[in-house]
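# sharing a sequence plus its predicted fold:
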Amino acid sequence: MHTKFDLALLAGATLSLAIVPDALAQIVCEPPIHYGSGTAGATGYPPVLTTGGRPARAGDPEFSIDASLIAANSQVALLISTNALSTTALGASILVDPSTLVGTVSNVSTPLGQASFPLPLPPGASLVGRTFYAQLLALDAGAPQGLATSSGLELTICDASPERNIRDWEATCHSQPNPTCTIGQPGLESYSDASGAYEWPAVRVEFSRNMAITRIAGVGATATEDYANLQVTLHVFQRESYLGAGGPSYSIPNLTLRNPNPPVFGGTSVLGVPNRYLEFDVTGLDVWADGPMTLFLVIERPNSGPGGLVWSMTRPSFPRADLRTSDALRPSWENLGADGQTSGVVAIDVFARDMCADFEVTLNDLLIELYTSTLPELHAAAESVGHEICAPLYIMERPDDGSTPRLRWQLPDIYGNYCFSDGIRTQCLTPIEAAAAAMTQPGSVSAWLCVYELGTSTPSWQPILLTSRYCQQF
């Protein structure tokens, strides 16, 4: 006889997440962390709980936690607590503290064994920095005492803004303006004139993923302080070798200040006028980085001559050098610290965002989730009962008209010992199409795993929903 577990006792329906005190914003967004081990049910594996690597970002109106590998049509509950735990009840692993629950959400799994738990997160700083712990519990006659559980999921609420400073050492001290970061540092002329004379500093920017540059901000000044008339040109050099000979790969002219009366930053420019915080919005500058990539950016005031625009420098000891050149050095560039000059970097920050809609899951986030959590858990659970499995990845798009989802691309499971050579099983596509039709909205792109066992003539094909908000970038 199975012990009865009444999920109705846990059903809080509404989460009381807004009861926590205010916290500081600007918490870096990271994918949730999996912890502990669950208890298997009728599928032979513990239920899988995931966001597909989607961080718990304040203001995300469509944040959800998805569960898969549940017995069909089972009553389930998602428990959310402010504390983790590691104990056993009813023969099942319990990984959240029931004494500090902030809420539970009940549901019924689909015929294909999925359940989704929408958890819209309110905007503002009241939740930012707080950590919560989630676990799925499911009534399952195939579990040891009728209760299957997932591993735990640790979620830290992060800042809602998707824009990030990719000059991660914060060259301008922008997060806490402090003029001491530029006091005593030399100025860097950034101009060209009609005679062909020029002097340029080049800002080094490093990428590891596809991003769109949205804003450039720095500490600088003009001799005449004519900021309402300040227009700059942004030159982009794709390689350091282009700096000396090839010319810019791309230029954006006529950028104007976000604020034509820019605020005083603090300290005095070498021009003898106050340093100001100069911000320029940038559009149309997408960076397609399928691996590590370094760009060099020049922000100059054309047709102005010396004093037209002078950027400040920061204090030295930053990890990667910016460069400078002039018509006297043509066609050479040199590090800012070359020839006995003061070392440091240009006091310019570069802000960018992923080339996705707000709150979508990028391929980078998805692969981190897969290879650090989901696939290791699945393979370990299979090995514990003497099975060998594969779980290839499928990216599915559901057309706007709501018709049958179609396959966009797929990736073999390279985590398992034999899975890459096993390739992609076409039998997976039918259950994944059915699951995507049931669990995703028209116009959405979703990511799935298909779990099947090797070494059997009649494997089952079990879909796992990773995210219904995948960012399709190619």
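Nice, I can see it.

# check which residues of stretch 233-240 are buried.
233-237 (16 or more other C-beta atoms under 10 Å). All C-beta atoms are positioned from the backbone trio N, CA, C, and that covers glycine.

# which other residues reach it?
Residues outside stretch 233-240 that contact it (C-beta atoms under 8 Å, 6 or more residues apart in numbering) are 202, 216, 243, 246, 248-255, 280, 282, 285, 294-302, 323, 333.

# how does this protein divide up, domain by domain?
Recorded structural domains for the chain (assignment: automatic domain parsing) are 1-162, 164-354, 360-474.

# and the longest one, how far apart are its ends?
Here the two ends of domain 164-354 are set 9 Å apart, with distance taken as C-alpha to C-alpha, to the nearest Å.

# what's the closest non-adjacent residue to residue 93?
Leaving aside its sequence neighbours, residue 93 sits nearest to residue 39 (C-beta to C-beta, 6 or more residues apart in numbering; 5.0 Å).

# so how many other residues sit close to that neighbour?
The number of residues packed near residue 39 is 23, by other C-beta atoms under 10 Å.

# residue 268 too?
So residue 268, with other C-beta under 10 Å, has 14 neighbours.

# in the stretch 301-450 of the chain, where is pLDDT below threshold?
315-320, 329-331, 337-343, 417, 420-424 (pLDDT under 70).

# my read: residue 133 touches residue 94, true?
No: when contacts are counted by C-beta atoms under 8 Å, residue 133 is not listed as touching residue 94 (11.1 Å).

# and those two? Which one has more around it.
In this view residue 133 and residue 94 are compared by other C-beta under 10 Å, and residue 133 has more residues nearby, 25 against 21.

# partners of that one in the sheet?
In this entry, residue 133 is beta-bridged to residue 81, residue 154, by DSSP bridges.

# against residue 448, how distant is it?
Note on residue 133: its distance to residue 448, by C-beta to C-beta, to the nearest Å, is 26 Å.

# all helices of this structure, in order?
Applying DSSP state H to the chain gives helices spanning 240-241, 363-369, 375-384, 419-422, 429-439.

# could the ones you listed go into TSV alongside distance to residue 458?
Putting those into TSV (distance: least, C-beta to C-beta, whole Å) gives the following:
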stretch	distance to residue 458
helix 240-241	58
helix 363-369	30
helix 375-384	16
helix 419-422	16
helix 429-439	14
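
# nearest to residue 156, out of the ones you listed?
helix 363-369 (14.6 Å; C-beta to C-beta).

# for the closest one, name the packing helices and strands.
Applying 3 or more C-beta pairs under 8 Å, 6 or more residues apart in numbering; DSSP states H and E, one finds that helix 363-369 makes contact with strand 462-467.

# how far off centre is the strand it packs on?
Centroid separation between strand 462-467 and its chain, computed with C-alpha atoms, centre = their mean, to the nearest Å, is 20 Å.

# OK, contacts around residue 370?
So residue 370 contacts 53, 393, 415, 449, 466 (C-beta under 8 Å, 6+ apart).

# list the contacts of the third one.
This points to residue 415. Counting by C-beta under 8 Å, 6+ apart, residue 415 has contacts 370-371, 375-376, 379, 391.

# nearest to residue 411, of those?
Looking across these and measuring by C-beta to C-beta, the closest to residue 411 is residue 370, at 9.0 Å.

# and the closest one, how far from residue 327?
Using C-beta to C-beta, residue 370 is found at 52 Å from residue 327.

# now do residue 30
According to C-beta to C-beta, residue 30 stands 46 Å off from residue 327.

# could you do residue 289 as well?
Distance from residue 289 to residue 327, by C-beta to C-beta: 32 Å.

# what do you get for residue 457?
Relative to residue 327, and taking C-beta to C-beta, residue 457 is found at 76 Å.

# of those two, who's got more company?
More neighbours surround residue 327 than the other of residue 457 and residue 327, with 14 against 4 (other C-beta under 10 Å).

# how about the contacts made by the closest residue to the more buried one other than its chain neighbours?
Spatially, and ignoring its direct neighbours in sequence, residue 327 is nearest to residue 197 (4.9 Å; C-beta to C-beta, 6+ apart). When contacts are counted by C-beta under 8 Å, 6+ apart, residue 197 touches 305, 326-327.

# nearest to residue 434 among those residues?
Of all the contacts of residue 197, residue 434 sits closest to residue 326, with 65.0 Å by C-beta to C-beta.

# how about the nearest residue to the closest one, chain neighbours excluded?
Nearest non-adjacent residue to residue 326, counting by C-beta to C-beta, 6+ apart: residue 199, 4.3 Å away.

# would you check that the one you found makes contact with residue 191?
Yes: in terms of C-beta under 8 Å, residue 199 counts as a neighbour of residue 191; the distance is 6.2 Å.

# and the closest residue to residue 418 other than its chain neighbours, how close does it get to residue 391?
Excluding the flanking residues, the one nearest residue 418 by C-beta to C-beta, 6+ apart is residue 454, at 6.3 Å. Residue 454 is 11 Å from residue 391, where distance means C-beta to C-beta.

# the more surrounded of these two?
It is residue 391, of residue 454 and residue 391, that has more neighbours when counted by other C-beta under 10 Å, with 24 against 15.

# for that one, grab phi and psi.
Torsion angles at residue 391 (phi, psi; degrees, to the nearest 10) stand at phi -150, psi 80.

# who are the contact partners of it?
Residues in contact with residue 391 (C-beta under 8 Å, 6+ apart) are 375, 378, 413, 415-416, 419, 449-452, 464.

# so which of the contacts of residue 197 comes closest to residue 357?
Of all those, residue 326 has the smallest distance to residue 357: 42.6 Å, by C-beta to C-beta.

# contacting residues for that closest one?
197-200.

# now list the buried members of these.
Of the contacts of residue 326, these count as buried by 16+ other C-beta under 10 Å: 198-200.

# just give me the closest of those residues to residue 109.
Using C-beta to C-beta, residue 200 comes nearest to residue 109 of the buried ones among the contacts of residue 326, at 61.0 Å.

# correct me, but that closest one touches residue 322?
No: here residue 200 lies out of contact with residue 322, judged by C-beta under 8 Å, at a distance of 10.7 Å.

# if we can go back for a sec, between residue 199 and residue 191, which contacts overlap?
residue 306.

# I'd like to know which elements the longest strand seen in the chain is packed against.
If you go by DSSP state E, the chain has its longest strand at strand 274-287. For strand 274-287, the contact count by 3+ C-beta pairs under 8 Å, 6+ apart identifies strand 211-221, strand 231-237, strand 250-256, strand 264-268, strand 293-300 as packing neighbours.

# among those, show me which one is buried the most.
Across these, the average number of neighbours (mean count of other C-beta atoms under 10 Å) peaks for strand 211-221, which reaches a mean of 23.

# what mean pLDDT does that one get?
For strand 211-221, mean pLDDT rounds to 90.
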